[in-house]
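Visitor: Sequence and computational prediction follow.
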Amino acid sequence: MGGFSFEKLGQDGKARTGVIHTPKGDIRTPAFMPVGTAATVKAMMPESVAATGAEILLGNTYHLMLRPTAERINNLGGLHKFMNWSKPILTDSGGFQVMSLAGLRKLTEEGVTFQSHIDGSKHHLTPERSMEIQRLLGSDIVMCFDECPALPADRDRIAESMRLSMRWAQRSRDAFGDRLGYALFGIQQGGLEQDFREESAEALKSIGFDGYAIGGLAVGEGQDAMFGCLDFAPDQLPEDKPRYLMGVGKPDDIVGAVKRGVDMMDCVLPSRSGRTGQVFTRRGVINIKNARHADDPRPLDEHCTCPACRNYSRAYLHHVFRSNEMIAGMLLTWHNLHYFQEIMQGMRDAIAAGTFDAWEADFHAMRAQGDI
Ligand SMILES: CCOC(=O)Nc1nc2cc3nc(NC)[nH]c3cc2c(=O)[nH]1
Ligand SMILES: [Zn+2]
């Protein structure tokens, strides 16, 4: 079984396209990862997720450690077998979700103690425990245990938090050890500050990782500030390793990030929106709940080849959504995930052909059109 490697196949400006080779399969980049929080991409069967074109999905350490626990999943053969997904899985380290979901948190040099949002039980996460949990799950791409500071934060707080994350990155690396075929990604922090981001990148490079994530963004700073940071942060990271931007995002966020050198992203948006009736299309967003769809015989998107667009009218989707039928979330999630993968495929092809700028112009022009 081979190891883990990143093969760059093309570049257009700062945008790159390539393949991440892993023992569980190849991941073509730029790649979008659906989020499978509780060992399921909500409202989707795993084979449906694969049918959308997804080649890797994300699992959440915080949720799985609380329920059903990493030990139970390990005893049952690991997360791939447990959730019937044989392709690569990336798991987060839990730090970000502890700070955003758990109760009664206490952050120290050692790690984080917190109360479960499910039953109030007390738990402790450290870099070492996070590595153990992700190993028990059988994760193919393991993330360092980090701390993501809530914005806005002053420079001293950002520097202090980043330096803690860098000490935790070293401890994560030491605890991860050498696991052939499995990857450990470091996470750059430093807020929107170019000097702190540089210091963080240097620290991560001196430790050495299989991939480098850009953390601390998509936390309310807004697209302009995020793109401003992405105008320099990816270039601070090794150019021969995958760059992963967490928690992004809307279609135009994704395009802007790839344009600036990002290779991988994850976001709950397409799946969560699918369940709330928000539909993403090449010409903009449709809110299927709106009464104006009640008699509309057209598909969501006449060019889309997903099951929702091939077999159902907007009128039907409006009806089942309004009736709170499960099929609504299933079909709208499937469409959104399919559309997000279509954006990624379009960018991979355009970067390989050296036509990214034209592709991007067309992407934005299509969305400018009014009523959809
Ligand atoms: C997914 C791997 O990330 C981690 O293990 N830590 C981490 N996760 C983040 C998730 C984020 N989601 C958003 N917006 C929706 N911003 C995020 C930042 C981080 C982060 O800094 N660090
Ligand atoms: Zn569709």
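Guide: Ah, there it is. Numbering: from 1, shown residues only. Ligands and ions are numbered 1, 2, ... in the order given.

Visitor: State the phi and psi torsions of G261.
Guide: phi 100, psi 10 (degrees, to the nearest 10).

Visitor: I figured it hits K241, correct?
Guide: No - G261 is beyond contact range of K241, at 11.6 Å (criterion: C-beta atoms under 8 Å). All C-beta atoms are positioned from the backbone trio N, CA, C, and that covers glycine.

Visitor: Apart from its neighbours in sequence, what residue is nearest the residue nearest the centre of the chain?
Guide: With distances taken as C-alpha atoms, centre = their mean, the residue of the chain nearest its centroid is D266 (1.3 Å). Nearest non-adjacent residue to D266, counting by C-beta to C-beta, 6 or more residues apart in numbering: M33, 4.0 Å away.

Visitor: do L101 as well
Guide: H117 is the one closest to L101 (C-beta to C-beta, 6+ apart), at 5.3 Å.

Visitor: if I look at H80, how far off is ligand 1?
Guide: 18 Å (C-beta to the nearest ligand atom, to the nearest Å).

Visitor: wouldn't that residue be in contact with N74 here?
Guide: No - counting by C-beta under 8 Å, H80 does not reach N74; the two are 11.5 Å apart.

Visitor: Can you report how many residues neighbour whichever residue of the stretch 101-250 of the chain sits closest to ligand 2?
Guide: Using C-beta to the ion, the single residue of the stretch 101-250 of the chain nearest to ligand 2 is K250, 17.4 Å away. By the other C-beta atoms under 10 Å criterion, the neighbourhood of K250 contains 16 residues.

Visitor: Kindly report the same for the one 4 residues further on.
Guide: Each residue near I254 was counted by other C-beta under 10 Å, and the total is 22.

Visitor: go on, P251?
Guide: Using other C-beta under 10 Å, P251 has 21 other residues around it.

Visitor: who's in contact with it?
Guide: F280, Y339, F340, I343, F363, R367 (C-beta atoms under 8 Å, 6 or more residues apart in numbering).

Visitor: Kindly recompute the last result at 10 Å.
Guide: By C-beta atoms under 10 Å, 6 or more residues apart in numbering, the contact set of P251 is 32, 269-270, 280-282, 284-285, 336, 339-340, 343, 363, 367.

Visitor: Next: L217.
Guide: With C-beta under 10 Å, 6+ apart, L217 has these contacts: 148, 151, 188-189, 191-192, 225-227, 229-230, 233, 245-249, 253, 257.

Visitor: give me the element it is part of.
Guide: Using DSSP states H and E, L217 sits in no helix or strand.

Visitor: before we move on, could you check phi and psi at it?
Guide: Torsion angles, degrees, to the nearest 10, at L217: phi -120, psi 170.

Visitor: backbone phi and psi for the residue sitting furthest away from the middle of the chain, please?
Guide: What lies farthest from the middle of the chain is D295; by C-alpha atoms, centre = their mean that is 35.9 Å. When read as degrees, to the nearest 10, the backbone of D295 gives phi -120, psi 10.

Visitor: Now do the contacts for it.
Guide: Taking C-beta under 10 Å, 6+ apart, one finds S313, R314, A315, H318 in contact with D295.

Visitor: Among those residues, name the buried ones.
Guide: S313, R314, H318 (16 or more other C-beta atoms under 10 Å).

Visitor: isn't the second one right up against A291?
Guide: Meaning R314. No - at 11.5 Å, R314 does not count as touching A291 under the criterion of C-beta atoms under 10 Å.

Visitor: H338 sits in which helix or strand?
Guide: helix 326-353.

Visitor: measure the residue of the stretch 101-250 of the chain closest to ligand 2 to G111 for me?
Guide: Relative to G111, K250 is positioned 33 Å away (C-beta to C-beta, to the nearest Å).

Visitor: Quick check: the gap between G77 and A39.
Guide: 12 Å.

Visitor: For those two, indicate the residue with more neighbours.
Guide: For G77 and A39, the more surrounded residue by other C-beta under 10 Å is A39, and the numbers stand at 19 against 10.

Visitor: quick one, phi/psi of that one?
Guide: With angles defined as degrees, to the nearest 10, A39 sits at phi 70, psi 30.

Visitor: List the contacts of the closest residue to it other than its chain neighbours.
Guide: Leaving aside its sequence neighbours, A39 sits nearest to M83 (C-beta to C-beta, 6+ apart; 4.3 Å). Residues near M83 by C-beta under 10 Å, 6+ apart: G36, A38, A39, T40, V41, P46, V49, L57, G59, I73, I89.

Visitor: Select, from the residues you listed, the two members most distant in space.
Guide: Greatest spatial distance in the contacts of M83: V49 and I73, 18.4 Å, computed using C-beta to C-beta.

Visitor: What parts of the stretch 51-200 of the chain come near ligand 2?
Guide: Counting by C-beta under 5 Å from the ion, no position of the stretch 51-200 of the chain is adjacent to ligand 2.
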